[in-house]
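**Q** need a structure here:
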Amino acid sequence: MTRRAAEIRLDALLRTACDVIGQRGLANTRTADVAQAAGVSQALVFYHFATKERLLAQAFAYAVEQDLARLDAVTRSNAPPLTKLRRILRLYTPAGRATSWSMWIDGWAESLRTPELEKVSRKLDLRWRQDLATVISDGVREGIFVCTDPAGAAWRISAVMDGLAVQLAVHERVISRRQFAEWVRLVTARELGLDPAQLE
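**A** Just a heads-up that it's a prediction; the model follows:
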């Protein structure tokens with residue numbers, strides 16, 4: 001197998017592992033499940049990852065990098081701060097029960113016991129907050145937002161989104177996606193001196 005072919009196969013295994021983890025959860029995912037879903041032998045999975053724990057940690061890290069790439073596309077664009085803010089809020093909203101949110105919820109829980117997962121989870125959480133704070137600071141500087149504490153505002157907005165997203169992802173029919181979006185816009189608008197309608 002060439003190096004390029006090995007990289008492609010590794011990428012495919014990580015994508016498959018993310019799908020399996022999303023369906024079965026971190027605790028219930030076995031290497032055999034990933035091998036079967038990928039249509040390869042379990043020996044090949046162990047060749048790439050050595051242990052189940054390494055497979056799960058690398059799959060979680062892979063999923064984090066995918067989310068951060070989407071975030072980077074927003075924050076590095078030439079869009080004005082208000083447009084970036086709207087896009088970040090949309091990125092954060094769970095799109096359905098079978099989204100990456102199930103992996104993040106699992107990841108947070110497992111991070112209590114697994115240092116490697118905690119490190120990856122913390123990286124994702126801090127990047128979201130740092131990038132959100134940067135967009136808020138840019139908007140304040142341009143006179144679009146009114147906020148004396150962009151870092152604190154980013155933490156408070158993210159905390160509300162995290163809490164609502166967990167409810168939306170875990171409990172069917174407790175809140176709707178429309179309610180999620182309305183409440184997040186309301187909290188964000190209050191933090192930044194905006195009318196919630198500006199965030200639609």
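**Q** C-terminal to the longest helix anywhere in the chain, what's the next element?
**A** Counting by DSSP state H, the longest helix found in the chain is helix 115-141. Once helix 115-141 ends, the next helix or strand along the chain (criterion: DSSP states H and E) is helix 150-170.
**Q** need phi/psi at the residue sitting nearest the centre point of the chain.
**A** Nearest to the geometric centre of the chain sits Asp67, at 5.1 Å (Cα atoms, centre = their mean). Note on Asp67: its backbone torsions stand at phi -70, psi -40 [degrees, to the nearest 10].
**Q** is it true that it touches Asp125?
**A** No. Assessed by Cβ atoms under 8 Å, Asp67 is found out of contact with Asp125, at 10.8 Å. Quick note: C-beta positions are derived from backbone N, CA and C, even for glycine.
**Q** confidence score at Arg97?
**A** Arg97 is assigned a predicted lDDT (pLDDT) of 47.
**Q** right, I mislabeled it, should have said Trp101
**A** pLDDT at Trp101 comes out at 77.
**Q** would you mind measuring from it to Met161?
**A** Using Cβ to Cβ, to the nearest Å, we find Trp101 at a distance of 11 Å from Met161.
**Q** and if you look at Pro115?
**A** 26 Å.
**Q** same check, this time on Gln167
**A** For Gln167, the distance to Met161 (Cβ to Cβ) stands at 11 Å.
**Q** pLDDT below threshold where in this protein?
**A** Counting by pLDDT under 70, the chain contains low-confidence ranges at 1-8, 95-100.
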